[in-house]
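S.K.: Here's my sequence, what's the structure:
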Amino acid sequence: MPKIFEWNGYRFHFFSNEGDPREPPHVHVTLGRDSAKFWLRPRVVVALNRGFSPRVLSELIPVIVSHREQIESAWHDHFA
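M.R.: Have a look, this model is predicted:
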């Protein structure tokens, strides 16, 4: 489970096994037992949520947008 970065205690990561065929680039965010998955393109949207409030999800989206290039670069480097 490669970690990309942390922000305010939230862990931004992806899994080494992202499906077969592999899903498009996305990021998972975890804090404690709560987790969410976000698609990166064409815009950042919640794909799956387990435990985060709508307010937290809306706070995470701009963080992901501001780190989207870093996330995509880590994704492509890992799966190259």
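
S.K.: what residues are up against the residue nearest the centre of the chain?
M.R.: Among the residues of the chain, residue 27 comes closest to the average C-alpha position under CA atoms, centre = their mean, at 1.9 Å. For residue 27, the contacting residues are 4, 12-14, 37-38, 40, 64, 71, by CB atoms under 8 Å, 6 or more residues apart in numbering. Using the backbone N, CA and C atoms, a C-beta is placed for each residue, glycine as well.

S.K.: okay if I get the residues you listed as a markdown table plus secondary structure, pLDDT and neighbour count?
M.R.: Shown next, in a markdown table, are the contacts of residue 27 (DSSP: H, G, I helix; E, B strand; the rest coil; pLDDT from 0 to 100; neighbours: other CB atoms under 10 Å):
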| residue | secondary structure | pLDDT | neighbour count |
| --- | --- | --- | --- |
| 4 | strand | 97 | 19 |
| 12 | strand | 98 | 21 |
| 13 | strand | 97 | 18 |
| 14 | coil | 93 | 21 |
| 37 | strand | 97 | 16 |
| 38 | strand | 98 | 23 |
| 40 | coil | 97 | 20 |
| 64 | helix | 98 | 21 |
| 71 | helix | 97 | 22 |
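
S.K.: Closest to residue 46 out of these?
M.R.: residue 38 (5.9 Å; CB to CB).

S.K.: I'm done for today, thanks for sticking with me.
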